[in-house]
Each structure stands twice: as structure tokens, then as C-alpha cells.
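# Give me the fold of what follows.
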Amino acid sequence: MADGIEDPAADSESLHETEISIGSHIDKLSEGPESEISFTQKMYRKKLKWTSEIEEKLHNVRPWNLSIYRVPNRLHQVSEDAYTPHVVSIGPFHRHKPHLVAMREHKLRYALYFFKRAQETAQKRALNFSFGSRESSECMREWATAIYDSDALVRASYAEDMSNINQEELAEIMLVDGCFILESDIRHDLALLENQIPLCIILDLYDAISGHQTLIDNDLPPPYCLALHFFQPVSLKGSIVTERRHDSQDYKHLLDILHKFYFLPTKTTDLSMRLNVDLIPEEQRLRAIQKNKVWGFNYSASELLESGVEFDIGSKQGQLLDITFNEGKIRIPPLIIQETTSSLLRNLIAYEQCSLNSTQAVTSYACLMKSLIASSRDSNLLLRKGITKYHHWIGGEEEYVAQIFKGILDEVVVKEFHFRTLCDEVNEYCTSWFHLRKLKVFLRVRVQRYTTLLFSTYFASPWSFISFMAALAMLILTSLQTYYTIRTAHTIN
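Numbering: from 1, shown residues only. Okay, here's the model as predicted:
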């Protein structure tokens, strides 16, 4: 063989020679004392058995394409309510919870209605798609068979071993719950990590309604668009969802759709952190964490403003991660706040904590926002700037936003942070006074602050303001009288 090129036959021969050598060594040992032979042979066989067991375990390891996980117990202990379904169980994890059992029959009704609607849609389109005389039976049988045959794919999506659930029971869960998702309007429970089913099931059932329809027109939005319209928007990007089209096969489940649509890292995020985080020595990373103490800015939003840093609305059509800093101004895309925001963010973070290939985008975003919002004063500032908006008036908005981010990272392991460069630039800008723009903002904020303090202290009521104006008028008149008196005397002299 040529130099540098390995010969498979040679490798095989070498391996065979090694085996012969080991065998010869054992044969030689057999000539020794019986106790030595027994001990050596036992150790050798023990090692072979151990390596075989390791090989078998590695061979039986489940694939890495898992996407539906149990939320870690440490996160459950921080906020149990954020991860637990309130009304309905979707998937196998919570199907036996006592307070959710009552919805089983209702889910069957939704499934029956779904297949009736599929039949009516086909008949209206005149596609000769008859289900026979029995009510939706063939329609149900067709897609139930497809879901039944997807057993291996469904099981591969769940991180938990489901060997205690047989194929028939799992197929029924997927069929009934999939129909319920397409027909119901319960938003909170469908965005929980433990309440997901593979998106391929929903796509198969979606074809029952739209598959034949797309043969006539191609104007139907893809399923992921319907899912985004179903959930309340997290940002203003949700209003332009129909302008973009993606392959639904790229998404794992409904929560994954929200994660990738709103929090997919972009060019402005520090993607190098993910690529290089494993190359940094462990001691150096620990020292950096100890030095910074927390991920994010060193100052809250109100403190940054008083230091000369301004805030403005960022891109309304990009990702929520499109946060930039330029010319002394931080631009942050608007975040739409609603009653389910805390639960949604916590489940997205839990999803990242469990995923092996996660970018920790939501975790990074939560770190940044938590560092900005330390009190209701900070949340009020972001509200005035339009960075946070409220979908509905829920009362006590400033306190609610501060509460959302207060404990959102409790027991969360932050492995990578996408805004390190941004935060370093802002922190350095705050400690430097060689910026004319910063000095102007600093002085303007100080004047506004003292003006507000003056009015809140001395003009707290209308009568105090009237009294001040009267005293000011008397002072002006007295000054004018004195001026003209002195001037007249000077003229006469």
C-alpha cells in the first residue's frame, strides 16, 4: 500500500495477531499455579463482561432528537404553578392528574367534532371524499392509522421512558389530544413544556382539514402561522407572521414554534459565546462569574439613565434578541406583557435547560431584562419608553413586570450568555465621562429629576400652587415698584 493509506486487511490481521497474543498469554499463565490461573482468568473475563455491558448500554442509548421533557424538580420547586396545566392534560405526562381527568370526555367530543368538520370540508369542496354512512368513521380510521404507525417517532420525542404505555393507548392520546389542540382555545396549558405532543401529529390532523383544500388553492397559512395566531403575541413581530413562511418540519412542538419564532439568535447576538464557551478553562470561567457576580448590566434601567444612557424602542419586526447599543442609546424591541408571560418565559427557559443543543437564547434575554428591572421604578421607565407594552390592562403593571423577572432565574444554570459584548460596552460607557452626549443626557435627567421633586414637594395640591403663584406675583410687583421708584429718584436728581 502507498504511504499514508491504511490497509483494512492489515488492520484485521493486526487485530487477529493481538487476539492470538492475548490467547497465548493466557495459555502461558495456565501453566502456572492454579490460584494464579484462576485469579487472572477471572479478572480478564470480568473486564470483558464489563466492556460488553458498556457497549450494550451505549448501543441502547436513546437518540438525541428528544424535544419534550419533564421540567427539572429544582424549577418545579421555585414555581410549581408555572409548569402545571390548569385545565387540560396534553400528552402522557399529566393524564392521570385528578383535577384534569374531567376533561377526558370533553376531549373526545372535540375529536368527534373535528372529524365531522373534516367530512363537511371535503364535501363542500366536492372532492369525492366520502366517509360512508357511519358518522366520520372512515375519516377517523384513516388518520388514526397514520398516527398509530408513528409510534416509534412519537416515543423518540419524549425524554421519559414510556414503556409502561402500550402502542394503542399512546396512539389514542396523540389522536384525541391533537384534535383538541386544533379545536380548542385554551392557550395557557398548550404552552407548557410538559404538555406537548410532537408537531408531526398535529400536521397529520391538519391535513385532514386542509390537505385536500390545498389542491384547489394555495392561500392557506401553514400550521405554524395558525399556532402563532392562536397564542397571544409576545412581541410586535407576531403581527407580521403571515409575511414569512417556514417549513413546519423544522419545529418539534408548539412551544418550540414560539421559541424559534421570537427568540432565534440573530446577527446582533453574540453567537461566539456558544462556540467558545467550552474552550475557556474552567477556572477562568469561574473567576469571570465571581467577578461579574451576575449576567447582564451592572446597573438597573433607572441607574443607567441617570448615568447618561438613553433607552429607545428597537426593531418591531425582528427577534426579541435584537438588542443593540449605539451612540449612548440602548434599543430594545417591545415586549408585550400579559398574564401568561411569566409562565411562558419559565417554560421556554426550562426547555433550554433540558435541551442538549440549546442556544439558551431565552435564558440570556431573561438575564438581561432582570438586570434592567430591579424595581417598579425601572419597569415604569421601560413602560414610558414603549419597551414593554400590555396586551390588556391588568392593574399594577409596574409591579407585575418587576415580579416576572425577579425570580425567573432561580435554580437556572446559565451556561452561555449572548449579550456579553453588549453589556461590557454599556458598563464601560457608564464608567467613562469622555462622552459629550452622555453629559447632556446626564444633565437633562438631573434637571427633570429636580423639577419633578420640586413639584411633588411644594405643589402637591392646587392650593399650594395657587399660593406659590400669588407669592411670585407679589414678588414681581414689589420688584417692579422698587425698580421704578429708584429710577424716578435717579431721574429727578
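# Only C-alpha atoms from now on, for both contacts and neighbour counts.
OK.
# And the average pLDDT for the host helix or strand of L58 is what?
Under the criterion of DSSP states H and E, L58 resides in helix 34-59. For helix 34-59, the mean per-residue pLDDT is 78.
# Next SSE downstream of it?
Going down the chain from helix 34-59, the next helix or strand is helix 73-78, by DSSP H and E.
# Can you list the neighbours in contact with that following helix?
83, 350, 410-412 (CA atoms under 8 Å, 6 or more residues apart in numbering).
# returning to that earlier point: now for the helix holding L58, which elements pack on it?
helix 8-29 (3 or more CA pairs under 8 Å, 6 or more residues apart in numbering; DSSP states H and E).
# quick one on the thing from earlier: by neighbour count, which of the contacts of helix 73-78 wins?
Neighbour counts for these, by other CA atoms under 10 Å, peak at A350, which reaches 25 neighbours.
# how close does it get to L255?
Distance of A350 to L255, computed by CA to CA, to the nearest Å: 11 Å.
# who touches both of those two?
Common neighbours of A350 and L255, using CA under 8 Å, 6+ apart, are L193.
# what's the spacing between K46 and L422?
For K46, the distance to L422 equals 56 Å [CA to CA].
# who has more neighbours, those two?
More neighbours surround L422 than the other of K46 and L422, with 19 against 12 (other CA under 10 Å).
# was I right about that one contacting T324?
Yes: counting by CA atoms under 8 Å, L422 touches T324, with 7.1 Å between them.
# who's in contact with E310?
Applying CA under 8 Å, 6+ apart, we find E310 in contact with 304, 328-330, 441.
# Which pLDDT does the model give it?
So, for E310, pLDDT stands at 89.
# give me the beta-bridge partners of it?
K329 (DSSP bridges).
# what about it, distance to M369?
On the measure of CA to CA, E310 and M369 end up 15 Å apart.
# Return the helix or strand in the protein with minimum mean pLDDT.
When each helix and strand of the chain is scored by mean pLDDT, DSSP states H and E, helix 272-276 comes last, with a mean of 36.
# And the strands in the chain, which stretches?
Ranges of strands within the chain are 310-313, 324-326, 329-332, 335-337, 388-390, based on DSSP state E.
# follow-up on the earlier one: any chance of the contacts of helix 73-78 in JSON lines, plus pLDDT?
As requested, the contacts of helix 73-78 are exported to JSON lines (pLDDT from 0 to 100):
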{"residue": "Y83", "pLDDT": "95"}
{"residue": "A350", "pLDDT": "95"}
{"residue": "D410", "pLDDT": "90"}
{"residue": "E411", "pLDDT": "89"}
{"residue": "V412", "pLDDT": "90"}
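# could I get those residues as a markdown table with distance to I492?
Shown next, in a markdown table, are those (distance: CA to CA, whole Å):
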| residue | distance to I492 |
| --- | --- |
| Y83 | 90 |
| A350 | 89 |
| D410 | 83 |
| E411 | 86 |
| V412 | 86 |
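# Show only the entries of those found in helices.
Among those, DSSP state H puts 83, 350 in helices.
# which one of the contacts of helix 73-78 is nearest A489?
Of all the contacts of helix 73-78, A489 sits closest to D410, with 78.4 Å by CA to CA.
# residues in contact with Y365?
With CA under 8 Å, 6+ apart, Y365 has these contacts: L321.
# one more time with 10 Å, if that's ok
263, 296, 320-321, 323, 345, 349, 417-419 (CA atoms under 10 Å, 6 or more residues apart in numbering).
# what do you get for V101?
So V101 contacts 87-89, 94-95 (CA under 10 Å, 6+ apart).
# Also M103?
Residues in contact with M103, defined by CA under 10 Å, 6+ apart, are 87-89, 95, 109.
# now do E168
Applying CA under 10 Å, 6+ apart, we find E168 in contact with 148, 151.
# gap between it and L199?
Taken as CA to CA, the span from E168 to L199 is 19 Å.
# Do a quick rundown of the helices in the stretch 101-250 of the chain.
Counting by DSSP state H, counting those that start in this stretch, one finds helices in the stretch 101-250 of the chain at the ranges 103-124, 137-148, 151-157, 167-183, 187-190, 199-210, 223-230.
# Of the contacts of E310, which is the nearest to H188?
Nearest to H188 among these: I330, at 31.8 Å, using CA to CA.
# State which helix of the protein is the longest.
Longest helix in the chain, counting residues (DSSP H): helix 462-492.
# Show me what it is packed against.
If you count contacts as 3 or more CA pairs under 10 Å, 6 or more residues apart in numbering; DSSP states H and E, helix 462-492 packs onto helix 436-458.
# Show the average pLDDT along the helix it packs on.
Helix 436-458 comes out at a mean pLDDT of 65.
# Just the contacts of Y365: which are in helices?
Taking DSSP H, the ones among the contacts of Y365 that sit in helices are 263, 345, 349.
# Now these in TSV, please, with extra columns for pLDDT, distance to L75 and neighbour count.
Below are these laid out as TSV (pLDDT from 0 to 100; distance: CA to CA, whole Å; neighbours: other CA atoms under 10 Å):
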residue	pLDDT	distance to L75	neighbour count
F263	87	21	22
L345	95	12	23
I349	95	10	28
